[in-house]
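>>> Build the 3D model from these lines:
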Amino acid sequence: MNAFTIAATALLAGFVPLGAVCLFCREIDAAAALQLCGTLATLILLCLAEGFHRSAYFDLPVICATATLIGGLVFARFLGRFI
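Numbers count the residues shown, from 1 in each chain. Coordinates of the predicted model:
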């Protein structure tokens, strides 16, 4: 294990409080937590790609970042009707 795989493992713990926010808070707070989960997943995938020294693994974080951005915009568009 190197520093990047350890960092990816430590970043996994960030999903626990974000999951609690998604379950127990208002819808707008849950949307913000969900957006942060996408960012956190992108960072974890970047750390794993660098930790394993595989350049092919860098494609997935780029797609994840794009999907997080587009998904957040679509989710905010439909959530805006109810708030």
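>>> Now do the strands in this protein.
When assigned using DSSP state E, the chain turns out to have no strands.
>>> And the pLDDT at the residue nearest the centre of it?
With distances taken as C-alpha atoms, centre = their mean, Gly38 lies nearest the centre of the chain, 2.1 Å away. The score at Gly38 is 93. That number is its pLDDT.
>>> got a list of what it touches?
Listed by C-beta atoms under 8 Å, 6 or more residues apart in numbering, the contact set of Gly38 reads 64-65, 67-68, 71-72. To be clear about C-beta, it is placed using only N, CA and C from the backbone, and glycine gets the same treatment.
>>> these two touch, right, Asn2 and Gly51?
Yes: contact between Asn2 and Gly51 holds when scored by C-beta atoms under 8 Å: they sit 5.6 Å apart.
>>> okay, these two: which has more neighbours?
Set side by side, Asn2 and Gly51 show more neighbours around Gly51, with 18 against 11, by other C-beta atoms under 10 Å.
>>> so how far is Ala65 from Leu12?
18 Å (C-beta to C-beta, to the nearest Å).
>>> who has more neighbours, these two?
Using other C-beta under 10 Å as the criterion, Leu12 and Ala65 rank with Ala65 on top: 17 against 12.
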